[in-house]
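Asks: Got a predicted structure plus its sequence, pasted below:
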Amino acid sequence: MTPSKNQDRESRERLRRYTARQKVHEGQVRRRKRDNIAAVVAVVLIGALGTGSQIFYAHGGFNPQKPSASASASASATPSASATEGANTGDVPAASIAENRSWTGTMILNKNVRLGIELDGKKAPQATAVLVSLIEKGFYEGTHCWRMSNAPTAKFLQCGAAKADGTGDAGFQFGPLENVPSDNDYTTGVIAMARASSPSSQATQFFIVYGDTVLDGSTGGYTVVGKVTSGLSSLEKGITDKGLTAVNSANDGSPKVATTITAATIR
């Protein structure tokens, strides 16, 4: 017997309802899986934060040297055997991009702090090549200056993180260390590459020294890639003089004035 039109409609409606229920069920299963994974991650993070918050805060960063009578004398700018371990990862821009010359340009923070910059392609060809490449590709526009220190012997603003919590980069890490100060003294105006413990952990982040700074050289120091040639007074007036929110210590945290790089040029 040929099914009636009503039966056809009822069959189609049942199929529609069944398909809808299946989609709802599948969505619920996916959500439960995500919730379970999130719960596990949360437990792991809580445990990690309890024992390793300093490791998180040092991501892409560095540790200011504590002042002491013998601090500078005991530190060495020559990397030890353990400090030279590691290798480049990802698609690192070729050092030849630096062209063995000086590069000049501008970097604008928060639309109104204009810094003149100079990168040294002779003394730091690999780091210069990385910054030149990233600036030309527009990577830095919208990245964050997320960390600041205003300690008496460590005054710097750390920039170049894709995210406001200091994470996020261009997908590569590189070495070697270049043009490291022999006395561990990073003078006012210096631009140097931030890194974690390994000399090959340099990536997109750098720090601007706005007051003479002494850093721990026990793991090899930090690549001085260039300098600020103008605008430091604007940086201090508009950002660093406003203070910081303490995170790692009373003098080490995030700038109270949320700061992003809004434009950068190089030539």
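Replies: Yep, it's here.
Asks: Show me the helices in the chain, by range?
Replies: Along the chain, counting by DSSP state H, helices occupy 5-57, 71-74, 125-136, 232-238.
Asks: Could you identify which of these has the lowest mean pLDDT?
Replies: Lowest mean pLDDT within the helices of the chain: helix 71-74, a mean of 27.
Asks: what sits against residue 109?
Replies: Each residue near residue 109 by CB atoms under 8 Å, 6 or more residues apart in numbering is listed here: 115, 145, 159, 235, 238, 239, 259, 260, 261, 262. In short, each C-beta sits where N, CA and C put it, glycine included.
Asks: so of those residues, which ones are in strands?
Replies: 115, 145, 159, 259, 260, 261, 262 (DSSP state E).
Asks: which one of these is nearest residue 89?
Replies: Of all the ones in strands among the contacts of residue 109, residue 159 has the smallest distance to residue 89: 21.7 Å, by CB to CB.
Asks: got a list of what the residue lying closest to residue 265 once chain neighbours are set aside touches?
Replies: Spatial nearest neighbour of residue 265, chain neighbours left out: residue 105 (4.6 Å); criterion: CB to CB, 6 or more residues apart in numbering. Taking CB under 8 Å, 6+ apart as the criterion, residue 105 is in contact with 116, 117, 119, 135, 264, 265, 266, 267.
Asks: ditto for residue 87
Replies: By CB under 8 Å, 6+ apart, the contact list for residue 87 reads 175, 200.
Asks: Quick check: pLDDT value at the closest residue to residue 168 other than its chain neighbours.
Replies: In this structure, residue 168 finds its nearest non-sequential neighbour in residue 162, 2.7 Å apart by CB to CB, 6+ apart. Residue-level confidence at residue 162 comes out at 98, pLDDT.
Asks: ok, residue 162 - contacts?
Replies: Applying CB under 8 Å, 6+ apart, the residues near residue 162 are 143, 144, 168, 169, 204.
Asks: Also residue 155?
Replies: Contact partners of residue 155, counting by CB under 8 Å, 6+ apart, are 149, 188, 209, 210, 211, 212, 213, 240.
Asks: My read is that the fourth one contacts residue 156, right?
Replies: Yes - here residue 210 reaches residue 156: they are 6.8 Å apart, a contact under CB atoms under 8 Å.
Asks: how far away is the nearest residue to residue 163 once chain neighbours are set aside from residue 213?
Replies: Taking CB to CB, 6+ apart as the measure, residue 163 lies nearest to residue 144, with 6.7 Å between them; neighbours along the chain are not counted. In this structure, residue 144 and residue 213 are 20 Å apart, going by CB to CB, to the nearest Å.
Asks: Then residue 187?
Replies: 8 Å.
Asks: between those two, which one's more packed in?
Replies: residue 213 (23 against 12; other CB atoms under 10 Å).
Asks: I'd like the distance between that one and residue 195.
Replies: As judged by CB to CB, residue 213 and residue 195 stand 15 Å apart.
Asks: now swap in residue 208 and tell me
Replies: Distance check for residue 208 against residue 195: by CB to CB, it reads 15 Å.
Asks: And residue 188, by the same measure?
Replies: Counting by CB to CB - residue 188 and residue 195 are separated by 21 Å.
Asks: now swap in residue 227 and tell me
Replies: Computed as CB to CB, the residue 227 to residue 195 distance reads 19 Å.
Asks: These two - which one has more neighbours?
Replies: Comparing residue 227 with residue 195 by neighbour count (other CB under 10 Å), the higher total belongs to residue 195, at 27 against 19.
Asks: Need the pLDDT of the residue nearest to residue 265.
Replies: Residue 105 is assigned a predicted lDDT (pLDDT) of 98.
Asks: Okay, and the beta partners of it?
Replies: Per DSSP bridges, residues listed as beta-bridge partners of residue 105: residue 117, residue 266.
Asks: Report the buried residues of stretch 242-249.
Replies: Using 16 or more other CB atoms under 10 Å as the burial criterion, the residues of stretch 242-249 that qualify are 244, 248.
Asks: neighbouring contacts of it?
Replies: Residues from elsewhere that reach stretch 242-249 (CB under 8 Å, 6+ apart): 54, 57, 148-151, 251-257.
Asks: Filter these down to the ones in strands?
Replies: Counting by DSSP E, the contacts of stretch 242-249 contribute 148, 149, 150, 151, 252, 253, 254, 255 to strands.
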